[in-house]
Each structure stands twice: as C-alpha cells, then as structure tokens.
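K.L.:
Turn this into a model:
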Amino acid sequence: MNPARRHRVLAAALASASFLVPFAPALAQDRVVFATDWLAQAEHGGFYQALAEGTYRKHGLEVTIRMGGPQVNGLQLLAAGQIDVAMADGLQALSAIEQNVPVVAIAATFQKNPTVLISHPGTTKIEQLKGRPIAIGAASNTTFWPWLKAQFGFTDDQKRPYGFSVQPFLADKTLSQQGFATSEPYSIEKAGVKPSVFLLADFGYPPYSEALVVRRDTLDKREAVLERFVRASAEGWKSYLANPAPGNALIRKDNPQMSEELLAYGVAKMKDHAIVDSGDAKKDGLLTMSDARWRATVDFLKLTRLAKPGVDYTKAWSLAVVRQVKVLP
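P.N.:
Have a look, this model is predicted:
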C-alpha cells in the first residue's frame, strides 16, 4: 500500500473509531460567589485578572464577582449565605467575632493597609501633624484614630468632620485629611496640589486590608475549593501587577465610570508602596497572612481599649488555606 493510501485508510479508521468512543463529559466547575468591598477598581485588579485570563477556570472554578458599594454589607451577605467569600477589612473580621458571627479570614490581599494621612506640601514627618486639624470620618474613631493617639499623641480636639471630599482640604491649607493611597491623593493632584502622603502601615499600623472572609462552615466543608480560589487569585494578582490590561477591561465593564487614568494611578501606587507584594508575601507568597500580624492587630485593639473582654479573637482567622498556597511575587 502506497504511503498516500495508507494515510487515507488510517484517517478513515480513526474517524470511524471516534463514533465508538463516547465523548468525555466536561468536568463540573465548583461555583464561588465573591463580593468585593466597593465598586470595581484597581484595588480589586488581581481578582478581575484571574477572571479575565481564565485562571479561575483553569483551577476548576466558576467564579462570580459581585461589586460592593455604599449600600452593600458583604459580611451580612456572607452570614446570610448569599455569597461564598467576602472582602473585608481585618478589623471587620475581628468585630464580627465580637458579635458571635461565625466567619473567618482565610487570606489577605493587601500586606500593607492602604490608609493614609494627607497633608499639604512642606510636611515631611507625620509627627508634624500633632496639634493640627485633621478631617476624619466617624468610622475612623474605632480604627486608625485611636492608634494615632497612642502612637503619636494626637488628640481629639484635632478632629474635623470628613465628608469624603477633598474640597475642604484644597480650600484650607492648614487642614490634613484621611484617605487611601490609591485614591484621594489622585484627586488632590488633579487639582494641582502635590500633597505629602503618610502610609500608616509604614509606621506600624497593623490591620490587614482586603481580607478574604468565609463562613466557618464553608471552610470546614470546602477547604479544597477555597484553596484553589486563593491560589488562582494570587496568580491573578501576580499577573495583574505585571500587565493590568485584561483585568482593567473587566473592571471598566463592571464600573464604566472608572477611568483608565485612575486605574493606572491605582496600580502605580500599589507598586510604589508595595501594598500587595511586601512583607511576608515576599517569602510566603501573595495573599499570605501570619499569626504574628493578627496578634499584633489584637494587641492594638487592647492597647487602645477597643477590644472587648472575654472574646477569643483567634477565631477571626485561619492559616489552613493560605499556608497551602505559595505564589511568590
């Protein structure tokens, strides 16, 4: 049989045989509904990147990202069983334990909390803000403000109301304000002022930010699924910090008001401050956590008399999932 005829016969045989072999059914994807803490933005980039690049599907997951917002309480949705994973501040997870809500943090996106104090040009040290007026929101009275009082001797008579606008800051050169490293400084710079920005994490402010929180029963029953979710998310963050374009496209689809310029600013500031990939992440991988860091946060609550007696705060976190994941930056 000549080579050409042999090839045709073999091809026909293979084609015929294919009808005899049933198609293997597609493997079912494990569903995970994940709620962020705000409208889609660069600070959520790694999760959107993992969705955009098919990383979740590669790990056998069908992930839905639900945006947060001013009227959305992710931990309430989590406790009610409407979502599988919620993004929350570390202090929120500790507060939930105080209220006997059975939730637990399994990973942390930000190794540095992005909370900042912003002052006008010429301020070179955070200590210089002692005695000066600072605009802070009401929620800050149970987060970073007591820490600033304990660490730097700030006093309550410095406080001014914060309306989540930079306009009072721009109008008053004596006023400083709270903010996030990736957001408010951008608006101030757009108005023509180059502010001094002090990242509180660089001065020892300990709480994790953008922790991934689940119900305790979900951790017990779906630990393997959560491990794949954290691993895929860490891979998404590594990819996003290298080339954010795929994730940004999905962010803008969810939140069309988000500009490309602000997205680029957010990514740049996360890199400048090493918010995602510093500290323990350098050796243990992205999204990692440590017992020491959580205990330091609990110690901060005790120091500032924010801790409640008789509460077992160690229930607020678990390293069972994240210790299995080591996606280095």
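
K.L.:
next structured bit after the helix-or-strand element of the chain with minimal mean pLDDT?
P.N.:
When the helices and strands of the chain are compared on mean pLDDT, DSSP states H and E, helix 3-18 comes out lowest with a mean of 36. Following helix 3-18 in sequence order, the next helix or strand is strand 30-35 (DSSP states H and E).

K.L.:
and that next one, which strands flank it?
P.N.:
Strand partners for strand 30-35, identified by DSSP bridges, are recorded as strand 61-66 (parallel), strand 85-88 (parallel).

K.L.:
Could you list every helix and strand in contact with whichever helix or strand comes after the last one?
P.N.:
Which is strand 85-88. Going down the chain from strand 85-88, the next helix or strand is helix 90-98, by DSSP H and E. In this structure, helix 90-98 makes packing contacts with helix 74-79, strand 103-110, strand 209-215, helix 291-303, judged by 3 or more C-beta pairs under 8 Å, 6 or more residues apart in numbering; DSSP states H and E. To be clear about C-beta, it is placed using only N, CA and C from the backbone, and glycine gets the same treatment.

K.L.:
and helix 90-98, how far from the chain's centre?
P.N.:
When C-alpha coordinates are averaged (C-alpha atoms, centre = their mean, to the nearest Å), helix 90-98 and its chain have centres 16 Å apart.

K.L.:
With distance to Pro256 and mean pLDDT as extra columns, can I get the helices and strands packed on helix 90-98 in a markdown table?
P.N.:
A markdown table is the format used below for the helices and strands packed on helix 90-98 (distance: least, C-beta to C-beta, whole Å; pLDDT from 0 to 100):
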| stretch | distance to Pro256 | mean pLDDT |
| --- | --- | --- |
| helix 74-79 | 22 | 94 |
| strand 103-110 | 24 | 98 |
| strand 209-215 | 23 | 98 |
| helix 291-303 | 36 | 97 |
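
K.L.:
for these, which one sits closest to Gln158?
P.N.:
Among those, the nearest to Gln158 by C-beta to C-beta is helix 291-303 (19.6 Å).

K.L.:
which other residues reach the closest one?
P.N.:
For helix 291-303, the external contacting residues (C-beta atoms under 8 Å, 6 or more residues apart in numbering) are 90-91, 94, 147, 150, 205-208, 280, 306-307, 313-314, 316-317, 319.

K.L.:
Break down the stretch 101-250 of the chain into its helices, ranges please.
P.N.:
For the stretch 101-250 of the chain, helices defined by DSSP state H, counting those that start in this stretch occupy the ranges 144-152, 167-171, 184-190, 216-221, 223-242, 245-254.

K.L.:
quick one on the thing from earlier: closest to Leu117 out of the helices and strands packed on helix 90-98?
P.N.:
Nearest of the helices and strands packed on helix 90-98 to Leu117, taken as C-beta to C-beta: strand 209-215 at 15.6 Å.

K.L.:
Please name the strands paired to that closest one in the sheet, noting orientation.
P.N.:
Strand 209-215 has the following strand partners under DSSP bridges: strand 85-88 (antiparallel), strand 103-110 (antiparallel).

K.L.:
how about TSV for those, with distance to Pro121 and mean neighbour count added?
P.N.:
Output for those, formatted as TSV (distance: least, C-beta to C-beta, whole Å; neighbours: other C-beta atoms under 10 Å):
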stretch	distance to Pro121	mean neighbour count
strand 85-88	34	27
strand 103-110	27	26
